[in-house]
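J.: 3D, please:
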Amino acid sequence: MRFRFAPEGWIFIIPFVILAILALLIQWYPAAIVLSAVAAFLFHFFRDPHRSGSERHVDVLSPADGTVVLVKDIPDGDIWPGLTRQVSILMSVFDVHVNRAPMAGRIVHYRYTPGAKLALSHKSSGENEQNLIVMTDHRGATLAFKQIAGLLARRIVFDKKEGDTVARGERIGMIKFGSRVDVFFPPLAKILVKPGDKPRVGLTVIAEIPE
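T.: Modelled structure (predicted):
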């Protein structure tokens, strides 16, 4: 299978590859080993595997790799009118960090909020840098998700803009080095994951939004 790679990684990888080669040329082998190990880790971190999840329009795919840390009800209008359920997925540095659209539809709202890069707890994230994306599908079903920067995150990448139409599982961005993605659903959504589950981006069905 062809290795897929997120191009955002080159700016991090190339310096370590060059330094590792230089260390080999001057026979500084311990440094060459360490630098090569860092470059290998970065190659692994910026991987972007092809995954093909459910095509059922009622299914919502996970927008991120990671571990489910929170499933709860929230007040209507706290995030967006009509959305009252939340699933939070914490991404470690060992997870795929490319984010993908959880359903097919149109991006009806996008908002970037600058903020801190604090350690993400299971409950709090409001002070951190984040993107809010709201989508509707052809039925009018609405959901939202947040890309939230963590302690090690250096940048949130969002490839789309308000008004764009995206396919289910299409790449929409990534968060570099440790982060969290929160997904918000309408009250009738059937949540299919629980804390401790490990969904895979673009593959795991985390909820159903019925007709």
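J.: pLDDT score assigned to Trp80?
T.: At Trp80, the pLDDT value in this model is 96.
J.: in this structure it contacts Thr136, no?
T.: No. Judged on CB atoms under 8 Å, Trp80 makes no contact with Thr136 at a distance of 10.6 Å. (Each C-beta comes from the backbone N, C-alpha and C, glycine too.)
J.: identify the contacts common to these two.
T.: Thr142 (CB atoms under 8 Å, 6 or more residues apart in numbering).
J.: how far away is Ala39 from Pro30?
T.: Going from Ala39 to Pro30 by CB to CB, to the nearest Å gives 15 Å.
J.: which of the two has more residues huddled nearby?
T.: Ala39 (19 against 8; other CB atoms under 10 Å).
J.: let me see the backbone angles for Ala37.
T.: phi -60, psi -40 (degrees, to the nearest 10).
J.: that one: neighbour count?
T.: Residues within reach of Ala37, counting by other CB under 10 Å, total 12.
J.: out of everything not next to it in sequence, what's closest to Phe46?
T.: Gly9 (3.0 Å; CB to CB, 6 or more residues apart in numbering).
J.: Thr84 versus the one you found, what's the distance?
T.: Going from Gly9 to Thr84 by CB to CB gives 37 Å.
J.: thought Glu211 was touching Arg139?
T.: Yes. At 7.0 Å, Glu211 counts as touching Arg139 under the criterion of CB under 8 Å.
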